[in-house]
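1. Just need the structure, nothing else, for what follows:
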Amino acid sequence: MVEPTSGTEPSTDLGDLLRRLRRRADLSQRELADRAGVPQAAVARIESGRTTDPRYRTVERLVRAANGRVRLDAGPVAEEVCPSPVPHGELRDQAGRRYPAHLDVWEVHEPRDWPGAWWAEWYTLPPKRWPLPLPPATYRLNREYRDQRREREWVRRSVTVRRVTGPTVPATAWRFVAERPGGDLVGELRAHEQSPHLRWGGEERPGEREVVLDGVLVAAERRRLGIGRRLVEALLAEVASGDLACVRALAQEPGVTFLLACGFRLGASRPAALRFDRPVTRGRPPQV
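-> This is a model prediction of the structure:
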């Protein structure tokens, strides 16, 4: 979209608008130039501001190639019509150049943030032994990886966590689910209450009921998105608002590390689960 100008100053930064359109259409400068039938250098000059007065026909072809439209209108521009800004628009590389608008760029604070350090396997080295200086930011060119990253980020933002209640859930059972819009289940937490009163009967005393965490499950393709932690935090928030004494859990690695990160403390050095199977053969039981 291009607005009319007032005097000599343009009311719209054409270069910024073109970068926004390219990002929304997921097109590189070369891909946009090929679609529009203009030189790639012309796209680069417009986006960098070196071309301050491009031909209208060139602008129209570029905007249409990026699935946009040109409108000459003196009225205000609706906010939802204008594409979203490029998230990394302020970042620059060592040479002072902008990073590609259509890619996902993230800042590099340590070698683990930079794929180049993983390829060279020096991300575990101390800073004085780093063979190269870290770039200010980085990105991946692989489109499939980029699409997966964006889809996972959308899932992270769109997932909601709620407690399931109703006649199908026992009064002493706790169930939380993580869902995508439309009800697609991506994670679940189950727990149950216990107390001497529940096991043996008798009068229950305040503060003796506990919650035992039975398990946290997250769909394999949705792991490492913080969904499991959100489920545990929802359980802990419910416990904190009631009269329950604590939450107990029995876990092995990597579950131990996960629960410690959620605020649990380690009560035993070697958590384990044991079982006993009845012998299949008949006769005298084995000596123990």
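2. any idea how far residue 135 is from residue 94?
-> Using CB to CB, to the nearest Å, we find residue 94 at a distance of 7 Å from residue 135. C-betas here are computed from N, CA, C, even on glycine.
3. More neighbours: which of these two?
-> Neighbour comparison, residue 94 and residue 135: the larger count goes to residue 135, with 14 against 8 (by other CB atoms under 10 Å).
4. Test my guess that that one contacts residue 106.
-> No: with contact defined as CB atoms under 8 Å, residue 135 does not count as touching residue 106 (10.9 Å).
5. Okay, strands next: where are they in the stretch 1-150 of the chain?
-> 106-107, 137-138 (DSSP state E, counting those that start in this stretch).
6. Among these, which comes closest to residue 118?
-> Nearest of those to residue 118, taken as CB to CB: strand 137-138 at 10.9 Å.
7. name the helices or strands packed onto the closest one?
-> Here strand 137-138 touches strand 106-107, going by 3 or more CB pairs under 8 Å, 6 or more residues apart in numbering; DSSP states H and E.
8. Turn the strands of the stretch 1-150 of the chain into TSV, including distance to residue 39 and mean neighbour count.
-> As requested, the strands of the stretch 1-150 of the chain are exported to TSV (distance: least, CB to CB, whole Å; neighbours: other CB atoms under 10 Å):
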stretch	distance to residue 39	mean neighbour count
strand 106-107	31	14
strand 137-138	27	18
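9. Can you add mean pLDDT and give the ones you listed back as JSON lines?
-> Converted to JSON lines, the strands of the stretch 1-150 of the chain look like this (pLDDT from 0 to 100):
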{"stretch": "strand 106-107", "mean pLDDT": "92"}
{"stretch": "strand 137-138", "mean pLDDT": "94"}
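10. Which one of those strands lies nearest to residue 179?
-> Between the strands of the stretch 1-150 of the chain, strand 106-107 lies closest to residue 179; by CB to CB that is 27.8 Å.
11. Name every strand pairing with that closest one and say which way it goes.
-> strand 137-138 (antiparallel) (DSSP bridges).
12. Can you get me the centre-to-centre distance for the partner strand and its chain?
-> 18 Å (CA atoms, centre = their mean, to the nearest Å).
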